[in-house]
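Engineer: Starting from these lines, generate the structure:
(chains A and B)
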There are 2 protein chains.
Amino acid sequence: MGGDHGPSVVVPGAVDGARAFDVGLRLVGDPALVGAALEGLDVGGLDIEVVPATDVIGMDEHPAQAVRRKPHSSIVVALRMIKEGNVEAMVSAGNSGAVMAGALMVLGRIPGIERPAIASYMPSGKSRTLVLDLGAVTDPKPENIVQFAVMGKVYAERVMDRVDPSVGLLSNGEEPTKGNLFVQAVYPLLAATPGIRFHGNVEGKDVALGTVDIVVTDGFTGNVALKTAEGVATMLTDVLRDELTATLPRKLAAFMLRPAFRAVRARLDYAEIGGAPLLGVNGTTIIAHGRSNQLAIRNAVGVARRSAEQGLIDGIKSALDEAHAAITAPSPVDARS
Amino acid sequence: MGGDHGPSVVVPGAVDGARAFDVGLRLVGDPALVGAALEGLDVGGLDIEVVPATDVIGMDEHPAQAVRRKPHSSIVVALRMIKEGNVEAMVSAGNSGAVMAGALMVLGRIPGIERPAIASYMPSGKSRTLVLDLGAVTDPKPENIVQFAVMGKVYAERVMDRVDPSVGLLSNGEEPTKGNLFVQAVYPLLAATPGIRFHGNVEGKDVALGTVDIVVTDGFTGNVALKTAEGVATMLTDVLRDELTATLPRKLAAFMLRPAFRAVRARLDYAEIGGAPLLGVNGTTIIAHGRSNQLAIRNAVGVARRSAEQGLIDGIKSALDEAHAAITAPSPVDARS
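Structural biologist: The predicted model follows:
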């Protein structure tokens, strides 16, 4: 029911995703609206059911209040379906705060994770960089960032196919002494975490340049970086369009280059990525951008399927056990005393 | 003596600036190297002197130690010339940490400013946005941000010709309730500061989109945002070049569009901006990027001239007096009691 465009875009996108990624689909929402959106779509051979949900949480509602007051909202009903084992993952383009609050309420946290994080990719031309957190936790404790690193590593390995992925800590310089007091507290913790290949500090530019596989940061800084990147990309596109259409000869030459510009857009478009996982809750939950188009929803279904079939949640649990066991195990010296 | 290219680029750039902006020039450094860089340049009719400085502070030296140990370095000698009233401003492309440490040691702070800030523009297509701090103060107190806002306002008025410039607080959402704990502490202070037209919270995207004249933030977040913007701009340029040269027909069409691409670059190039003021020290100090080319140095000389002739330092002193007097003046109600 969510997203800027509602079922008229989400339903066709989800159906595309069901076919492309061979998944069964439960469409949770107002049966009349969902039914209308299904009309005319080719659903032959697909496993699709409509699950009624009588409430809708608006994009501007207070997240925690909304999920408590609307137990029959599409977000809460879908989360309960994960909890009860009826589905293996959920995708929502709705109120992302409500998805987070609802997931915490219905699914709970993975043991060992204090604060779930939103992970996603930044606009990037080459190798994509996973960044977390992007806004769920604005004032984390240093150990929360270590938990983000462990979850990001498992996601990079299982969903992004990275082998022994590297982790960078977002800072204002590369040297180990750089950073604000918070980053300086996080640095030695990351360096000491077993199973994490810690690259050290990275700068804002490294996110777009793909220096490491995963960048960890607090949700405030991550959100500022993500939106700065989006703003610069929008502004550059506008300036380019402006100059390329300034004269008729330029317009003609630019017209000939349309395939090139389409290729650039495809390499950078958020819709190609689809959805951002909410990492740390006890169930596969994918948050799609509110302005998701049909392609973005389709691809978010792909992200959900891959996360579920690759055992993302179990992988995070194992990695946390391993990191925790290694950190808390008595050292050989201690064992002798 | 500073910058990635040293006197061979800094000296011609400074001479260009002296001619373009009609300023007298004191070139501080090793007389042999500066003299060699001057050779062959047209200096007819210009007021140029070489001021010997026997030490050089390297780009990697520890800033505070270097300025204490090298009183005859070009940075320290130039700052002393401001202090003694021999020059009205200085430009350096050298070790920016050493410029900051040296300026604090030699010039001191403007009364009322606890921590000087580096201010500059982000890459932006339309109206340029002044952002501070960009890395001088990684863990400010909330009141430091108010001081940044006052200094940014004076700079925007006097050097950027903005009338009643607006100030935004960088946050992870526009609503007044958004932000980490630090931003939430700063918000009411900015809203209560006389003489500051406070727009409220702005997001990372607003920096590139020119939503406000001035964006204030702590130096850690500002540095991450600036470098993220630089990284995205570099990455987008690379992807575009890659696609536009992928086939011969594309190359030909792109060749016809060279004037358009040059225009885009001119609108976004940091060299067009020149230098970033170090605001809060008691003397006009302009920091140029280490990788400054000749054009960037030329334009930094222009920024220095304009800052000095517009009375930037006196303007900051007056604005601080006004803000402070207004904040601490008894209200009419208090006066009666």
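
Engineer: between the longest helix seen in chain A and helix B:219-244, how big is the angle?
Structural biologist: Secondary structure of chain A read by DSSP state H shows that its longest helix is helix A:219-244. Relative orientation of helix A:219-244 versus helix B:219-244 (axes from the mean of the first three to the mean of the last three Cα atoms, to 10 degrees): 40 degrees.

Engineer: Could you confirm whether any residue of helix A:219-244 contacts chain B?
Structural biologist: Yes: using Cβ under 8 Å from any Cβ of the partner chain, helix A:219-244 reaches chain B at A:219-221, A:223-236, A:238-240, A:242-244. For the C-beta atoms, the positions are set from N, CA and C on the backbone; glycine is no exception.

Engineer: which residues of the stretch 51-200 of chain A fall in strands?
Structural biologist: Secondary structure of the stretch 51-200 of chain A (DSSP state E, counting those that start in this stretch): strands at A:89-92, A:117-121, A:130-132, A:166-170, A:197-202.

Engineer: can you redo the ones you listed as a markdown table with mean pLDDT?
Structural biologist: As requested, these are arranged in a markdown table below (pLDDT from 0 to 100):
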| stretch | mean pLDDT |
| --- | --- |
| strand A:89-92 | 96 |
| strand A:117-121 | 92 |
| strand A:130-132 | 95 |
| strand A:166-170 | 98 |
| strand A:197-202 | 97 |
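
Engineer: Nearest to chain B, out of these?
Structural biologist: Chain B lies closest to strand A:166-170 among the strands of the stretch 51-200 of chain A, at 6.1 Å (Cβ to the nearest Cβ).

Engineer: Can you give the strand pairings for that closest one, parallel or anti for each?
Structural biologist: strand A:197-202 (parallel), strand A:214-216 (parallel) (DSSP bridges).

Engineer: Give me whichever of these is most buried.
Structural biologist: Mean neighbour count, computed with mean count of other Cβ atoms under 10 Å in any protein chain shown, is highest for strand A:214-216 among these, reaching a mean of 29.

Engineer: chain center to that strand, what's the gap?
Structural biologist: 13 Å (Cα atoms, centre = their mean, to the nearest Å).

Engineer: rewinding a little: same list, the strands paired with strand A:166-170, but as a markdown table with distance to A:N180 please.
Structural biologist: Output for those, formatted as a markdown table (distance: least, Cβ to Cβ, whole Å):
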| stretch | distance to A:N180 |
| --- | --- |
| strand A:197-202 | 11 |
| strand A:214-216 | 15 |
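
Engineer: Could you tell me which residues make contact with the residue nearest to A:P12 when sequence neighbours are not counted?
Structural biologist: Using Cβ to Cβ, 6 or more residues apart in numbering or on different chains and skipping the chain neighbours, the partner closest in space to A:P12 is A:Q294 (5.3 Å). Neighbour list for A:Q294: A:9, A:12-13, A:16 [criterion: Cβ atoms under 8 Å, 6 or more residues apart in numbering or on different chains].

Engineer: tell me the contacts of A:V186?
Structural biologist: Going by Cβ under 8 Å, 6+ apart, the list of residues near A:V186 reads A:142, A:145-146, A:169, A:179, A:216.

Engineer: pLDDT weak spots in chain A?
Structural biologist: A:123-126, A:269-271, A:325-337 (pLDDT under 70).

Engineer: Grab the most central residue of it for me.
Structural biologist: A:A276 (1.6 Å; Cα atoms, centre = their mean).

Engineer: Can you give me the buried ones in the one helix or strand it maps to?
Structural biologist: In this structure, A:A276 sits in strand A:275-279 according to DSSP states H and E. Neighbour counts over strand A:275-279 (16 or more other Cβ atoms under 10 Å in any protein chain shown) mark A:275-279 as buried.

Engineer: of all the residues you listed, which comes closest to chain B?
Structural biologist: A:A276 (15.0 Å).

Engineer: Which residue, other than its chain neighbours, is closest to that closest one?
Structural biologist: Closest to A:A276 by Cβ to Cβ, 6+ apart is A:S120, at 3.6 Å.

Engineer: Show the contacting residues for A:R26.
Structural biologist: A:48-51, A:78, A:81, A:86-87.

Engineer: Separate out the buried members of those residues.
Structural biologist: Counted by 16+ other Cβ under 10 Å, those give A:50-51, A:78, A:81, A:87 as buried.

Engineer: Adding distance to B:I57, write the residues you listed out as a markdown table.
Structural biologist: Formatted as a markdown table, the buried ones among the contacts of A:R26 follow (distance: Cβ to Cβ, whole Å):
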| residue | distance to B:I57 |
| --- | --- |
| A:V50 | 70 |
| A:V51 | 68 |
| A:A78 | 61 |
| A:M81 | 64 |
| A:V87 | 63 |
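
Engineer: could those residues be laid out in JSON lines, adding distance to chain B?
Structural biologist: Formatted as JSON lines, these follow (distance: Cβ to the nearest Cβ, whole Å):
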{"residue": "A:V50", "distance to chain B": "34"}
{"residue": "A:V51", "distance to chain B": "32"}
{"residue": "A:A78", "distance to chain B": "25"}
{"residue": "A:M81", "distance to chain B": "30"}
{"residue": "A:V87", "distance to chain B": "31"}
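
Engineer: just so I know, which of the strands paired with strand A:166-170 lies nearest B:L38?
Structural biologist: Closest to B:L38 of these, according to Cβ to Cβ: strand A:197-202, at 40.3 Å.

Engineer: After that closest one, heading C-terminal, what element do we hit next?
Structural biologist: helix A:204-209.

Engineer: and that following helix with chain B, contact?
Structural biologist: Yes: Helix A:204-209 is in contact with chain B by Cβ under 8 Å from any Cβ, via A:204-209.

Engineer: So which elements touch that helix?
Structural biologist: For helix A:204-209, the packing partners by 3 or more Cβ pairs under 8 Å, 6 or more residues apart in numbering or on different chains; DSSP states H and E come out as strand A:166-170, helix A:219-244, helix B:219-244.

Engineer: mind putting these in CSV, distance to B:I196 and mean neighbour count included?
Structural biologist: Formatted as CSV, the helices and strands packed on helix A:204-209 follow (distance: least, Cβ to Cβ, whole Å; neighbours: other Cβ atoms under 10 Å in any protein chain shown):
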stretch, distance to B:I196, mean neighbour count
strand A:166-170, 30, 24
helix A:219-244, 21, 23
helix B:219-244, 18, 23
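
Engineer: Out of those, the one nearest A:A266 is which?
Structural biologist: Using Cβ to Cβ, the nearest of these to A:A266 is helix B:219-244, at 9.8 Å.

Engineer: Tell me which residues of whichever helix or strand comes after the closest one come out buried.
Structural biologist: Next in sequence after helix B:219-244, counting helices and strands by DSSP H and E, comes helix B:248-256. Across helix B:248-256, burial judged by 16+ other Cβ under 10 Å covers B:250, B:253-254.

Engineer: same question, stretch A:284-299
Structural biologist: A:284-289, A:292-299.

Engineer: looking at it, A:R115 is touching A:A136, isn't it?
Structural biologist: Yes: taking contacts as Cβ atoms under 8 Å, A:R115 lies within contact range of A:A136: 6.9 Å.

Engineer: Give me the more crowded residue out of the two.
Structural biologist: A:A136 (24 against 19; other Cβ atoms under 10 Å in any protein chain shown).

Engineer: what's the first-to-last distance across stretch A:27-44?
Structural biologist: 16 Å (Cα to Cα, to the nearest Å).

Engineer: Would you list the phi and psi of the residue nearest to A:Q184 when sequence neighbours are not counted?
Structural biologist: Excluding the flanking residues, the one nearest A:Q184 by Cβ to Cβ, 6+ apart is A:T177, at 7.7 Å. A:T177 adopts backbone torsions of phi -80, psi -10, taken as degrees, to the nearest 10.
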